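**Student:** Need the 3D shape of this:
(chains A and B)
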There are 2 protein chains.
Amino acid sequence: MSKVTPRTLSGFMELLPEKQMKMERMLEALRRSYSLYGFAPLDTPVIESAQVLLAKGGGETEKQIYRFQKGDSDLALRFDLTVPLAKYVAAHYGELCFPFRRYQIGKVYRGERAQRGRFREFYQADIDIIGDGKLDIINEAEIPAIIYNTFKSLGVSRFKIKVNNRKLLNGFYAMNGMAERAGDIMRTVDKLDKIGEEKVKQLLIDEVKLLPCKAENILDFMAIKGSNAYVLERLKMYTGVDETFDKGYEELLAVTEHLAAFGVPEENFAVDLTIARGLDYYTGTVYETELLDHPEIGSVCSGGRYDDLAGYYTDKPLPGVGISIGLTRLFYVLDEQGLLSDEPVTAPCDALVIPMTEDMGSAAAAATALRDGGVRTQLYGEQKKFKAKMSYADKIKVPFAVLIGEDEIKEGCLSVKDMQTGQQQKLSPDKATEYIRQSVDGRNSAPLIIE
Amino acid sequence: MSKVTPRTLSGFMELLPEKQMKMERMLEALRRSYSLYGFAPLDTPVIESAQVLLAKGGGETEKQIYRFQKGDSDLALRFDLTVPLAKYVAAHYGELCFPFRRYQIGKVYRGERAQRGRFREFYQADIDIIGDGKLDIINEAEIPAIIYNTFKSLGVSRFKIKVNNRKLLNGFYAMNGMAERAGDIMRTVDKLDKIGEEKVKQLLIDEVKLLPCKAENILDFMAIKGSNAYVLERLKMYTGVDETFDKGYEELLAVTEHLAAFGVPEENFAVDLTIARGLDYYTGTVYETELLDHPEIGSVCSGGRYDDLAGYYTDKPLPGVGISIGLTRLFYVLDEQGLLSDEPVTAPCDALVIPMTEDMGSAAAAATALRDGGVRTQLYGEQKKFKAKMSYADKIKVPFAVLIGEDEIKEGCLSVKDMQTGQQQKLSPDKATEYIRQSVDGRNSAPLIIE
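**Tutor:** Numbers count the residues shown, from 1 in each chain, chains lettered A, B, ... in the order given. Below you'll find the model as predicted:
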């Protein structure tokens, strides 16, 4: 029979078992963290009608979309989780309770040019809170707490949630008579981190055509940095001129006001006036999250407040606030940099039961006892030499081998070998279960990410 | 702005939050059960090269496959999880440890004719054990234990795992000189449940062109029913004539031998000679699982032993054994019949914190305390009347409302209202956390499926 070469498409992540286990742990941590904040899990189809999916117009992404015919249907694969959410809320409006809080962790598709570290199929992990007509600012204040808890649960503590407000920026540009060029200015200012103040100033003068004094005004404003209290105090001096600015200031004040009550330490949070997040969609608070030791990764969790989730489907005003983690890319970069911990168990099982005699019944009974006690257990049933069995245990990196020989069968006990230390002890099935579980629980409570 | 009607394609399941939560609980139960038996989670792309995906030839499914061009690439969506597994094992052969045990729970795509209860996108939940050249029979003996534990963990106890062996059937047909018509016979015998013995006999005579005495032989064989011991005893009388039959008999014996050691009660298991499971793929033990009170659903978990997982990709012989649960269809049918329990919490949170004053800080602090204690908590932050807030709590079916008024703020406690009983009590944050968690854990340990 002629063979087809088995291959996986480029731009599609497919992990070996050990790494997949690390990914699963991250997925599980996100599910748990999002659930803790009262978000409902949501699952929408990967395929949607192209007409529905592209109702808004795809913009930059449109070329990248996987779109195809099946029979008479014009279909497309989802390219984010926001458009499916908008569809879902508009379609099920009458059946949902508002504010509607949902999380969705799922794969999305963009046929980008294949490139190292760029994925055509990747996980997004989103939460959104959607209001019916109105949505209180307290929801925007809660988002940093969710980001904080999520990254803590991944084992990271050295990160900063950066917050800004679009009304503040728009108001600032308006009061400086630059409202019409706000878009160009924001795009230019966005380069501050990369090219520095001097070059940004030059671009603002040469390309955005601002007067030098205006460019300086902007850079002075963007340079306001320090404690939240200090930044807010400085911002206060700009109030009383532009209504939009004042509204943004008040919102920023409200968002920072309850940080402590929401459990977010000051050191993990900063008002950062350089954050803008794209242009049209966001209308209030915007968020970015930086890993302090790895600024080169860029923002690992971003989002913001928007006023109109589903205008292309419904007349109902549906304001909301949401954040998104690009999980596949985050996982890829962390792995590349060797930052995914090996401490949590990556083997498919916690215990490998190895029969030392022909008596498979006793080995099966041992495996059953361990499983009944919640130990993830594999029974090694192949007819191989002892050495080959132990080598298998080594290769899959199982924490414990459980040997069942004649003595163990006679005595009704298990010989439990710690594969890391080599230490071996005979234990009753109950004791073995407890011992293995405790050890494994200890390892699994270690941070997933190395700092 | 002209609106696009937000709609979901027919044949694609999209659930409201309450039902989605029930689905999530089933997914979680499957993940936990499969993990307990030492299977590694696997995640492969939804999109594959059409050439790779269709290497085997799609057969009946080929017409249903979602296949499309993107740039120069001929792509297709996976239509099951077995072909991607074959690809994965063949492609990563050198990097895997054998036996390789993996589970995969993921969506697959088949463009079937739209029909009530038929899905074009549906979850399959598969486990497979792949050997390198050989795979011991003990793996086939372990599968019923995995099925047993999985359905128990879903809350079902009235189910039967039916097991047969293809070698036994092939041997039986061979010793009766009907080897060449085995396929037609199996397809006809498969109708026993639906049309009864008499009509099957007539079909065997009229259409398969068997002599009446041969048809009777078959029906006598298929009618062997009773305890495992009895069936095996009766089968023993057929041994000694055909080698393949004898091999099948031995395998069946080995599979039933360790049932007790694997923790499978006799009442949940039956050797059933009428089970055949398709034609070409399976070569040994085959499995089906029936819900005793709902035989009309058909088999809810099926699979078997195969000798050649990936022959179209590699010369390496890769035998295996696996089972699959068609989760979306199972969920749909259980829901249709009202068999999904409301006892486990379906709300997006366990506690809804309701501020009774303007002081959002105290309410936020209460929510943070509950979350730190592991209670899934939502803070209701909208400016509404008390009645509207309580009506929201009712609608999302949250188990507990936590009221934070002036007294509670002064006393540093929370008023916890059980939304089912209406009972309300003032508790310290610690006590409230413990009380809510205990109650919710109790509800969540209830079976997911009603019997």
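
**Student:** Can you pull the phi and psi angles for the residue most central in space within chain A?
**Tutor:** Among the residues of chain A, A:Ile325 comes closest to the average C-alpha position under CA atoms, centre = their mean, at 3.1 Å. Backbone torsions of A:Ile325, given as degrees, to the nearest 10, read phi -110, psi 130.

**Student:** Quick check: the gap between it and B:Tyr306.
**Tutor:** Relative to B:Tyr306, A:Ile325 is positioned 39 Å away (CB to CB, to the nearest Å). In this view, the C-beta of every residue, glycine as well, is placed from N, C-alpha and C.

**Student:** swap in A:Val375?
**Tutor:** 29 Å.

**Student:** okay, these two: which has more neighbours?
**Tutor:** A:Val375 (25 against 22; other CB atoms under 10 Å in any protein chain shown).

**Student:** The more buried one and A:Thr433 touch, don't they?
**Tutor:** Yes: under the criterion of CB atoms under 8 Å, A:Val375 lies in contact with A:Thr433, with a separation of 5.7 Å.

**Student:** what pairs with the residue nearest to the centre of chain A across the strands?
**Tutor:** Listed beta-bridge partners, A:Ile325: A:Ala125 (assigned using DSSP bridges).

**Student:** give me every residue that touches it.
**Tutor:** For A:Ile325, the contacting residues are A:Leu30, A:Gln124, A:Ala125, A:Asp126, A:Thr150, A:Val300, A:Cys301, by CB atoms under 8 Å, 6 or more residues apart in numbering or on different chains.

**Student:** Using CSV, lay out these together with pLDDT, distance to B:His258 and neighbour count.
**Tutor:** Supplementary listing: these in CSV, determined by pLDDT from 0 to 100; distance: CB to CB, whole Å; neighbours: other CB atoms under 10 Å in any protein chain shown:
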residue, pLDDT, distance to B:His258, neighbour count
A:Leu30, 98, 39, 20
A:Gln124, 98, 45, 20
A:Ala125, 98, 42, 24
A:Asp126, 98, 46, 23
A:Thr150, 97, 44, 24
A:Val300, 95, 49, 23
A:Cys301, 97, 49, 22
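
**Student:** so which of the residues you listed comes closest to B:Asp293?
**Tutor:** Nearest to B:Asp293 among the contacts of A:Ile325, counting by CB to CB, is A:Leu30 at 37.4 Å.

**Student:** need the contact list for the closest one.
**Tutor:** Neighbour list for A:Leu30: A:Ile105, A:Ala125, A:Thr150, A:Ile325, A:Leu327 [criterion: CB under 8 Å, 6+ apart].

**Student:** That one is in what secondary structure piece?
**Tutor:** Taking DSSP states H and E as the definition, one finds A:Leu30 inside helix A:17-36.

**Student:** next helix or strand past that helix?
**Tutor:** Next helix or strand after helix A:17-36 toward the C-terminus (DSSP H and E): strand A:40-41.

**Student:** any idea of the mean pLDDT in that following strand?
**Tutor:** On average, the pLDDT along strand A:40-41 is 98.

**Student:** Can you list the strands that it pairs with?
**Tutor:** Strand A:40-41 has the following sheet partners, assigned by DSSP bridges: strand A:100-109 (parallel).

**Student:** just the angle between the strand it pairs with and helix B:17-36, please?
**Tutor:** Using axes from the mean of the first three to the mean of the last three CA atoms, to 10 degrees, the inter-axis angle of strand A:100-109 relative to helix B:17-36 is 50 degrees.

**Student:** CA atoms only: put strand A:100-109 into CSV for me.
**Tutor:** As requested, the backbone C-alpha atoms of strand A:100-109 are provided in CSV (Å, rounded to 0.1, in the frame of the first residue of the first chain):
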residue,chain,number,x,y,z
PHE,A,100,-24.6,38.6,31.3
ARG,A,101,-21.2,37.3,32.3
ARG,A,102,-19.6,34.6,30.2
TYR,A,103,-16.2,33.1,29.6
GLN,A,104,-15.2,31.2,26.5
ILE,A,105,-12.0,29.3,25.9
GLY,A,106,-11.8,28.1,22.4
LYS,A,107,-9.9,27.9,19.2
VAL,A,108,-10.1,30.6,16.5
TYR,A,109,-8.8,30.6,13.0
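
**Student:** For the stretch 251-400 of chain A, what lies in contact range of chain B?
**Tutor:** Neighbours of chain B within the stretch 251-400 of chain A, by CB under 8 Å from any CB of the partner chain: A:257-258, A:261-263, A:310-315, A:348-349, A:352, A:360-362, A:364-365, A:367-368, A:371-372, A:374-379, A:381-383, A:392, A:395-396.

**Student:** list the buried ones in stretch A:220-235?
**Tutor:** Judged by neighbour count using 16 or more other CB atoms under 10 Å in any protein chain shown, the buried positions of stretch A:220-235 are A:Phe221, A:Met222, A:Ile224, A:Asn228, A:Val231, A:Leu232, A:Arg234, A:Leu235.
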